[in-house]
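Asker: pasting the structure only:
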């Protein structure tokens, strides 16, 4: 089998293991061993084990309670069953992180039982709902002073589960939610998984016949952002032109402050001072309207690229940017600037 054939069949691990007499014997032995452990569980324990197969990566007890629980099985009961499954070695517990995971073969066994029980659709809906909500709640906090490192660590721990969420959304043709998930995780994805984000957006754009202008705009600026981060300038420029066309054709599209990022980077490649002079004030204006302090700070950083270093306003603008940068890097140790420095800022022309 080619690597592509193997990859396409990884969801059928038990069947993939079968090949030849000796392989079939090992396959039957593995099935019997896992099945024996599964049969020893009580009905609720089996139900929780089946539901945990939805997780593509590790998970914590809160996520397990949201996905495996229900009206008759609350979060505490799920936690009891999860620890019981760990004691039986059906799931793995990481003592350092406090998170759990299923070995892939056990996950496939549990997934097969989930389908047999007719619970797959319900569990997957809970899983998708939980991670969409997590991204919406935590993703925008990535740019907040003092929270960025902890939020990044929290979201990166769930990256495989976000990938599974996007896969199910794409499979169901839920374009709006795919784009929303990517937008909420935009800062994280641009830094840690831009290729992953492109894999979500490209099929979504191909299947957008009934999409609203707003949705088409959001999908394109996100794709341009991820393309420019991965060094694909041609794609980024082409997609920027498409969304600029959408803005010209349709009133009422709400711009996002981060949508200016790919254009800013392209302008820096070309050293297009005229583009900077137009884009920087607009980025800061949109960021201020959205209360996005991080995007506003980045707009100020981009503005430096088109300023003359001999201009007295340049040194003042650098001071402003550096103070904000230090505040973001060391929020607990930041000190208020001296009166003399603040006086310099007050007389500075508006960039």
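Answerer: Received the coordinates, thanks. Nothing here was measured: the structure is a model prediction, and the numbers come from that model. Numbering: from 1, shown residues only.
Asker: make it CA atoms for all contacts and neighbour counts henceforth
Answerer: Will do.
Asker: contacts only, for residue 226.
Answerer: Listed by CA atoms under 8 Å, 6 or more residues apart in numbering, the contact partners of residue 226 are 189, 190, 194, 195, 197, 198.
Asker: what is the mean pLDDT for stretch 320-331?
Answerer: Taken as a whole, stretch 320-331 has an average pLDDT of 66.
Asker: thinking again about what came up before, can you lay out the contacts of residue 226 as CSV showing distance to residue 278 and neighbour count?
Answerer: Putting those into CSV (distance: CA to CA, whole Å; neighbours: other CA atoms under 10 Å) gives the following:
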residue, distance to residue 278, neighbour count
189, 27, 23
190, 24, 21
194, 27, 22
195, 30, 15
197, 28, 27
198, 28, 22
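Asker: identify those among the residues you listed that sit within helices.
Answerer: 189, 190, 194, 195, 197, 198 (DSSP state H).
Asker: list the buried residues of stretch 113-130.
Answerer: In terms of neighbour count (16 or more other CA atoms under 10 Å), stretch 113-130 has its buried residues at 113, 114, 120, 123, 124, 126, 127, 128, 130.
Asker: go through stretch 174-189 and flag the buried ones.
Answerer: Within stretch 174-189, the residues scored as buried using 16+ other CA under 10 Å are 175-189.
Asker: who's in contact with that stretch?
Answerer: 132, 135-136, 139-140, 142-143, 152, 155-156, 166, 169-170, 196-197, 200-201, 204, 207-208, 211, 215, 218-219, 222, 226.
Asker: just to revisit the earlier point, mind putting the ones in helices among the contacts of residue 226 into JSON lines with distance to residue 309 and pLDDT?
Answerer: Output for the ones in helices among the contacts of residue 226, formatted as JSON lines (distance: CA to CA, whole Å; pLDDT from 0 to 100):
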{"residue": "189", "distance to residue 309": "33", "pLDDT": "94"}
{"residue": "190", "distance to residue 309": "30", "pLDDT": "92"}
{"residue": "194", "distance to residue 309": "33", "pLDDT": "93"}
{"residue": "195", "distance to residue 309": "36", "pLDDT": "93"}
{"residue": "197", "distance to residue 309": "37", "pLDDT": "95"}
{"residue": "198", "distance to residue 309": "37", "pLDDT": "94"}
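Asker: and which of those is nearest to residue 63?
Answerer: The closest of these to residue 63 turns out to be residue 189 (CA to CA; 21.1 Å).
Asker: now that closest one: how far from residue 87?
Answerer: Separation of residue 189 from residue 87 (CA to CA, to the nearest Å) stands at 35 Å.
Asker: what's the burial count for residue 108?
Answerer: Number of residues near residue 108 (other CA atoms under 10 Å) recorded here: 20.
Asker: again but with residue 282, I slipped
Answerer: By the criterion of other CA under 10 Å, residue 282 has 16 neighbours.
Asker: what's the distance between it and residue 263?
Answerer: For residue 282, the distance to residue 263 - CA to CA - is 12 Å.
Asker: surely residue 106 touches residue 90?
Answerer: Yes - Residue 106 is within contact range of residue 90, at 7.2 Å (criterion: CA atoms under 8 Å).
Asker: next step: the contacts of stretch 174-189 restricted to helices.
Answerer: In helices, defined here by DSSP H, the members of the contacts of stretch 174-189 are 132, 135-136, 152, 155-156, 166, 169-170, 196-197, 200-201, 204, 215, 218-219, 222, 226.
Asker: residue 165 contacts residue 125, doesn't it?
Answerer: No - using CA under 8 Å, residue 165 makes no contact with residue 125, being 9.5 Å away.
Asker: what's near enough to touch residue 244?
Answerer: Contacts of residue 244 by CA under 8 Å, 6+ apart: none found.
Asker: what helix or strand is it located in?
Answerer: helix 233-249 (DSSP states H and E).
Asker: which parts of that helix are buried?
Answerer: Within helix 233-249, the residues scored as buried using 16+ other CA under 10 Å are 233, 235, 236, 237, 239, 240, 243, 246, 247.
Asker: can I get the residues you listed in TSV with distance to residue 294 and pLDDT?
Answerer: Listed next are the buried residues of helix 233-249 as TSV, based on distance: CA to CA, whole Å; pLDDT from 0 to 100:
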residue	distance to residue 294	pLDDT
233	24	91
235	26	93
236	22	93
237	24	92
239	24	93
240	22	92
243	23	90
246	26	92
247	24	92
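Asker: dump the residues you listed to CSV, plus distance to residue 54.
Answerer: CSV is the format used below for the buried residues of helix 233-249 (distance: CA to CA, whole Å):
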residue, distance to residue 54
233, 36
235, 34
236, 34
237, 38
239, 34
240, 36
243, 36
246, 38
247, 39
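Asker: what average pLDDT does stretch 46-64 get?
Answerer: Stretch 46-64 comes out with an average pLDDT of 95.
Asker: the helices in the stretch 51-200 of the chain, which residues?
Answerer: 61-68, 75-87, 104-116, 120-138, 148-157, 159-171, 175-184, 186-192, 194-206 (DSSP state H, counting those that start in this stretch).
Asker: residue 251 is nearest to which of the ones you listed?
Answerer: Closest to residue 251 of the helices of the stretch 51-200 of the chain is helix 175-184 (CA to CA; 19.4 Å).
Asker: separation between residue 77 and residue 38?
Answerer: 18 Å.
Asker: contacting residues for the spatially closest residue to residue 49 that is not a sequence neighbour?
Answerer: Using CA to CA, 6 or more residues apart in numbering and skipping residues adjacent in sequence, the residue nearest residue 49 is residue 110, 6.4 Å away. The contact partners of residue 110, by CA under 8 Å, 6+ apart, come to 49, 50, 51, 52, 53.
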